[in-house]
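S.K.: sequence unknown, structure follows:
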Ligand SMILES: C=C1C[C@]23C[C@@]1(O)CC[C@H]2[C@@]12CCC[C@@](C)(C(=O)O1)[C@H]2[C@@H]3C(=O)O
Ligand SMILES: O=C(O)CCC(=O)C(=O)O
Ligand SMILES: [Fe+2]
């Protein structure tokens with residue numbers, strides 16, 4: 001039987017200190033356990049871009065006739081871009097932001113009623129990647145995989161949870177269509193079409209070949225933001241991730257030649273990033289971008305990540321058209337479930353674990 005996203009960590013517990021969540025608002029100084037240095041993350045202080053270059057991920061208008069090529073170019077050079085005219089109603093973006101804010105404003109004891117279990121995917125807690133670091137992150141999260149009904153009922157025992165479930169359902173529906181559209185635009189820019197990928201379809205009335213999770217993130221105001229970390233550097237395991245951020249900056253993407261670049265919030269736009277599975281599918285042509293979230297001394301920050309990938313039993317391997325006739329594929333084939341489990345053990349080394357030894361020249 002194929003594994004669902006909700007089951008991937010069953011038999012694979014990840015020990016996370018959910019219940020040690022501090023009351024962020026009462027702390028005037030950063031506790032040592034939240035103070036990051038180079039020792040805790042080698043990239044912690046990697047030089048930011050020289051201010052003069054002003055380089056940043058592109059903002060792409062999806063109504064532009066050349067959008068596919070612009071997306072392809074952004075996926076190759078940055079592994080990320082922002083989009084305008086994406087068709088997702090502004091009220092829905094405001095709705096998901098309101099829901100996220102009201103969830104994290106709940107008292108911590110109520111949030112812990114829906115705490116993520118050690119073998120589960122859904123629920124409230126610290127970032128799953130926390131187990132790879134000695135220091136704690138200045139954030140709290142809530143993951144939704146499958147229906148949020150059970151968890152939401154624990155958070156809002158009265159009627160409210162039903163309205164919030166509707167918002168999540170509508171948001172996921174819109175995001176699924178958008179993610180599929182973006183994937184095909186990006187692939188078309190490489191000359192890859194529906195004929196080259198048997199497990200996916202262009203028809204957006206049938207998106208059963210894909211699945212997703214929603215990650216709600218809250219980064220509270222922080223007394224010493226320069227020494228804290230909201231969400232440590234990572235790549236997503238997805239094909240694509242679509243991120244909504246509120247009007248507070250914090251997301252940063254890494255470029256080898258530029259260091260960390262802050263992605264400015266642009267009202268109404270969405271950030272898209274390439275995940276590890278898209279990198280594999282394109283035989284390394286699209287960059288799975290390393291990103292992280294920093295925190296702020298005066299403003300709290302919210303973000304909502306729509307993490308999108310194939311069904312759990314679908315084998316993802318480099319599209320043959322993108323492998324040189326004299327070379328071999330950079331990666332062996334892998335399902336999303338297998339990859340998530342590899343990542344749960346090897347974290348940022350997961351891609352190299354599935355890399356073929358005999359590489360393309
Ligand atoms: C589908 C998933 C991707 C994710 C692990 C998860 O099972 C649900 C949460 C996702 C998330 C969000 C924050 C960053 C990340 C690396 C993490 O720790 O949990 C991603 C995971 C991922 O993309 O690998
Ligand atoms: O909050 C952000 O800007 C980044 C969130 C993120 O990377 C994630 O949830 O995977
Ligand atoms: Fe991420």
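M.R.: Ah, there it is. Since the model is a prediction, treat every value here as computed from it, not as a measurement. Numbers count the residues shown, from 1 in each chain. Ligands and ions are numbered 1, 2, ... in the order given.
S.K.: Residue 232: which element?
M.R.: strand 231-234 (DSSP states H and E).
S.K.: What's the mean pLDDT across that strand?
M.R.: Summarised as a single mean, pLDDT over strand 231-234 is 96.
S.K.: Poorly predicted segments of this structure, please.
M.R.: When residues are selected by pLDDT under 70, those of the chain lie in 1-3, 11-22, 47-52, 358-361.
S.K.: Now do the strands in it.
M.R.: Under the criterion DSSP state E, strands of the chain are mapped to 59-61, 80-84, 123-125, 140-144, 210-219, 231-234, 240-245, 251-255, 259-262, 270-274, 291-293, 301-310.
S.K.: okay if I get those strands as JSON lines plus distance to ligand 2 and mean neighbour count?
M.R.: (Glycine included, C-beta is placed from N, CA and C.) Below are the strands of the chain laid out as JSON lines (distance: least, C-beta to the nearest ligand atom, whole Å; neighbours: other C-beta atoms under 10 Å):
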{"stretch": "strand 59-61", "distance to ligand 2": "16", "mean neighbour count": "18"}
{"stretch": "strand 80-84", "distance to ligand 2": "11", "mean neighbour count": "23"}
{"stretch": "strand 123-125", "distance to ligand 2": "13", "mean neighbour count": "24"}
{"stretch": "strand 140-144", "distance to ligand 2": "7", "mean neighbour count": "23"}
{"stretch": "strand 210-219", "distance to ligand 2": "4", "mean neighbour count": "22"}
{"stretch": "strand 231-234", "distance to ligand 2": "5", "mean neighbour count": "22"}
{"stretch": "strand 240-245", "distance to ligand 2": "5", "mean neighbour count": "24"}
{"stretch": "strand 251-255", "distance to ligand 2": "3", "mean neighbour count": "22"}
{"stretch": "strand 259-262", "distance to ligand 2": "10", "mean neighbour count": "18"}
{"stretch": "strand 270-274", "distance to ligand 2": "7", "mean neighbour count": "25"}
{"stretch": "strand 291-293", "distance to ligand 2": "4", "mean neighbour count": "22"}
{"stretch": "strand 301-310", "distance to ligand 2": "3", "mean neighbour count": "24"}
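S.K.: With distance to residue 166 as added columns, please give the ones you listed in a markdown table.
M.R.: Output for those, formatted as a markdown table (distance: least, C-beta to C-beta, whole Å):
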| stretch | distance to residue 166 |
| --- | --- |
| strand 59-61 | 30 |
| strand 80-84 | 25 |
| strand 123-125 | 20 |
| strand 140-144 | 13 |
| strand 210-219 | 14 |
| strand 231-234 | 28 |
| strand 240-245 | 17 |
| strand 251-255 | 27 |
| strand 259-262 | 34 |
| strand 270-274 | 21 |
| strand 291-293 | 28 |
| strand 301-310 | 16 |
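S.K.: how about the helices in the chain?
M.R.: 67-77, 90-104, 108-112, 149-155, 160-188, 276-281, 336-346, 350-353 (DSSP state H).
S.K.: among those, which is nearest residue 23?
M.R.: Set against residue 23 and scored by C-beta to C-beta, the helices of the chain come closest in helix 108-112, at 6.7 Å.
S.K.: For the stretch 151-300 of the chain, which residues are neighbours of ligand 2?
M.R.: Contacts of the stretch 151-300 of the chain with ligand 2, taken as C-beta under 6 Å from any ligand atom, map to 215, 217, 231, 236, 243, 245, 250-251, 291, 293.
S.K.: Now for these: which two are most distant?
M.R.: 236 and 250 (16.3 Å).
S.K.: returning to that earlier point: give me the distance from the strand holding residue 232 to the chain's centre.
M.R.: In terms of C-alpha atoms, centre = their mean, to the nearest Å, the centre of strand 231-234 is found 10 Å from the chain centre.
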